[in-house]
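Participant: Here you go, sequence then predicted model.
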Protein chains: 2
Amino acid sequence: MSRAAILRAAERIFAEKGLAGARTEAIARRAGVNKALLYYYFRSKDALYLAVIEEHLKEFETQALEILKASGSARARLLSYVSMHFDFVSAHRFFPILLQRTMLTGGPALNRLRRRWAWPVMRRLVELIEQGVREGELRAVDGGHTLMSLISLTVHYFAAAPLIRVVGGFDPYDEKRLAERKSAVLDLVRFGLFRHPEERVE
Amino acid sequence: MSRAAILRAAERIFAEKGLAGARTEAIARRAGVNKALLYYYFRSKDALYLAVIEEHLKEFETQALEILKASGSARARLLSYVSMHFDFVSAHRFFPILLQRTMLTGGPALNRLRRRWAWPVMRRLVELIEQGVREGELRAVDGGHTLMSLISLTVHYFAAAPLIRVVGGFDPYDEKRLAERKSAVLDLVRFGLFRHPEERVE
DNA sequence: ATAAATTAACTATCTGGTTAGTTAAATATG
DNA sequence: CATATTTAACTAACCAGATAGTTAATTTAT
């Protein structure tokens, strides 16, 4: 379907060049359609950008809430959230980059971000962390800042991918590297936050 | 001096809109000069962008190397590096945003980044971490990923500032918030990496 | 005076968006 | 069933406004 092809192409080009830097012509070419078709399916360049972001956010929100609503200890749920978040962004190559761009530039896309992620997911995460602290599973950390740290650890690696490629001389999306990174993150979460890091977590 | 005014204006506008999104006319207006003057002092829009980045990177490199070359235990040097890095990015509002944009988009600015920061500073940091591990001050962590984590924790807060403003409803650059964030980061570094987090560090 | 700093006015090119129309399939009609 | 009509998907060609960059002239400082 052409509509889907446009979305996939737009996703890539917006991630590479940003909203302002992306050329609608380039998106059309990569999608293999005429430029006018972008405007047939989407009102404008901005609307297309929003559609791309919204699509991912919706999927992310679903997966995130599923995990956050599950039962289990605060520690276990926290680890499984971080794990899911990491897997999601590593499977959707362009998603974290688009989000990062959105955060930097602001604009209407920031509102989607707030509605579909910040509001429902982040609130629950903060509650989860605070619960963990109350119940003595986590050290006495601040909910908001800890959340910020978790997201940083998970996401920034992907947002820095081009630099990693140039400096490290390897592909950050390589299976092995991804696995290493993920375990480094989970490990740091454990030792940085848990009161008894060595303990098994159920 | 007009040249400096142009650099300051460019820094702000590039940070807000990105290289592609920034309008040379807007930079000139903010600097209070005629647009042609940008081209008198700088070859092109790209050259101006590079000049802005280079300026900050040079200053950052100097400060970073100074700390990294100092003597002291691995733990102490690590903490003081993180502290310095945090202070630097919080004092240069637009710097982390520009870096983030550079990392996302690549281009020639990525090379400056590699030469002035990645190569001299990061290499020393990895060595520092590995030394800390060998001497038993740090847990057995991977140098590269740990470095990545440190940078993420320090920088991502600033790269997410617009979202924080909208979601958290507060100014992330407020003195109090900055202090909170900094101590949250240093705290997480201690507990996440040090073998004896509670110990005093000299 | 003369060189450096600065500008108003200009241009070539690019780019988001439009328009007017085509094709093929679905749907109504007689 | 066959034909007319509508609808959905799609395109080539175009356009007005914007934008990076230039030029030639003017002002300022030494």
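Facilitator: The structure has been received and is ready for your questions. Numbering: from 1, shown residues only, chains lettered A, B, ... in the order given.
Participant: just the residues of chain A that are near DNA strand D, which are they?
Facilitator: A:Met1, A:Ser2, A:Arg3, A:Val33, A:Asn34, A:Lys35, A:Ala36, A:Leu37, A:Tyr40 (CB under 7 Å from any atom of the strand). (Glycine included, C-beta is placed from N, CA and C.)
Participant: these two touch, right, the second one and A:Phe42?
Facilitator: No - if you go by CB atoms under 8 Å, A:Ser2 and A:Phe42 don't touch, sitting 11.6 Å apart.
Participant: quick one: which of these two has more around it?
Facilitator: Counted by other CB atoms under 10 Å in any protein chain shown, A:Ser2 and A:Phe42 do not tie: A:Phe42 has more neighbours, with 19 against 14.
Participant: show me what contacts the more buried one?
Facilitator: Counting by CB atoms under 8 Å, 6 or more residues apart in numbering or on different chains, A:Phe42 makes contact with A:Ile6, A:Leu48, A:Ala51.
Participant: mind checking how far the last one is from B:Ala36?
Facilitator: This means A:Ala51. Distance, A:Ala51 to B:Ala36, using CB to CB, to the nearest Å: 40 Å.
Participant: out of those two, which sits in the more crowded spot?
Facilitator: In terms of neighbours (other CB under 10 Å), A:Ala51 is the more surrounded of A:Ala51 and B:Ala36; the figures are 18 against 9.
Participant: Assess the claim that that one and A:Leu7 are in contact.
Facilitator: Yes - using CB under 8 Å, A:Ala51 is in contact with A:Leu7, at 6.6 Å.
Participant: pLDDT (mean, whole number) over stretch A:13-31?
Facilitator: In this model, stretch A:13-31 has an average pLDDT of 97.
Participant: Just the buried residues of it, please?
Facilitator: Going by neighbour count (16 or more other CB atoms under 10 Å in any protein chain shown), the buried part of stretch A:13-31 is A:13-22, A:24, A:26-28, A:31.
Participant: Let me see the domain layout of chain A.
Facilitator: Under the assignment automatic domain parsing, the domains of chain A span A:1-42, A:51-193.
Participant: out of these, nearest to DNA strand C?
Facilitator: domain A:1-42 (3.6 Å; CB to the nearest atom of the strand).
Participant: And the closest one, end to end?
Facilitator: Start-to-end span of domain A:1-42 (CA to CA, to the nearest Å) is 14 Å.
Participant: Could you check how far it is from the centre of its chain?
Facilitator: 21 Å (CA atoms, centre = their mean, to the nearest Å).
Participant: Count the residues that sit near A:Lys182.
Facilitator: Neighbour count of A:Lys182, defined by other CB under 10 Å: 18.
Participant: now do A:Ser44
Facilitator: If you count neighbours by other CB under 10 Å, A:Ser44 ends up with 11.
Participant: got a list of what it touches?
Facilitator: Applying CB under 8 Å, 6+ apart, no residues contact A:Ser44.
Participant: For chain A, what lies in contact range of DNA strand C?
Facilitator: Proximity of chain A to DNA strand C, by CB under 7 Å from any atom of the strand, involves residues A:Ala22, A:Arg23, A:Thr24, A:Glu25, A:Lys35, A:Ala36, A:Tyr39, A:Ser44, A:Lys45, A:Asp46.
Participant: Give me the nearest residue to the fifth one, chain neighbours excluded.
Facilitator: Nearest-residue entry for A:Lys35: A:Ala28, 4.1 Å, with adjacent residues in sequence omitted and distances by CB to CB, 6 or more residues apart in numbering or on different chains.
Participant: which SSE is the one you found in?
Facilitator: If you go by DSSP states H and E, A:Ala28 is part of helix A:24-31.
Participant: Can you give the contact residues for that helix?
Facilitator: Contact with helix A:24-31 is made by A:2, A:5-6, A:8-10, A:12-13, A:17, A:34-35, A:37-38, A:45, A:48, as judged by CB under 8 Å, 6+ apart.
Participant: how does it look with 7 Å?
Facilitator: Applying CB atoms under 7 Å, 6 or more residues apart in numbering or on different chains, the contact partners of helix A:24-31 are A:Ala5, A:Ile6, A:Ala9, A:Ala10, A:Arg12, A:Ile13, A:Asn34, A:Lys35, A:Leu37, A:Leu38, A:Lys45.
Participant: With just CA atoms, put the helix or strand harbouring A:Gly192 into PDB.
Facilitator: Using DSSP H and E, A:Gly192 sits in helix A:175-193. This file holds the C-alpha atoms of helix A:175-193, laid out as PDB (Å, rounded to 0.1, in the frame of the first residue of the first chain):
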ATOM      1  CA  GLU A 175      23.200  -7.900  17.800                       C
ATOM      2  CA  LYS A 176      26.100  -8.400  20.000                       C
ATOM      3  CA  ARG A 177      26.600  -4.800  20.800                       C
ATOM      4  CA  LEU A 178      22.900  -4.400  21.600                       C
ATOM      5  CA  ALA A 179      23.000  -7.300  24.000                       C
ATOM      6  CA  GLU A 180      26.100  -5.800  25.700                       C
ATOM      7  CA  ARG A 181      24.500  -2.400  26.000                       C
ATOM      8  CA  LYS A 182      21.300  -3.800  27.400                       C
ATOM      9  CA  SER A 183      22.900  -5.800  30.100                       C
ATOM     10  CA  ALA A 184      25.100  -2.800  31.000                       C
ATOM     11  CA  VAL A 185      22.000  -0.700  31.400                       C
ATOM     12  CA  LEU A 186      20.100  -3.300  33.400                       C
ATOM     13  CA  ASP A 187      23.200  -3.900  35.600                       C
ATOM     14  CA  LEU A 188      23.500  -0.200  36.300                       C
ATOM     15  CA  VAL A 189      19.900   0.100  37.200                       C
ATOM     16  CA  ARG A 190      20.200  -2.800  39.600                       C
ATOM     17  CA  PHE A 191      23.300  -1.600  41.400                       C
ATOM     18  CA  GLY A 192      22.400   2.100  41.200                       C
ATOM     19  CA  LEU A 193      18.900   1.700  42.500                       C
END
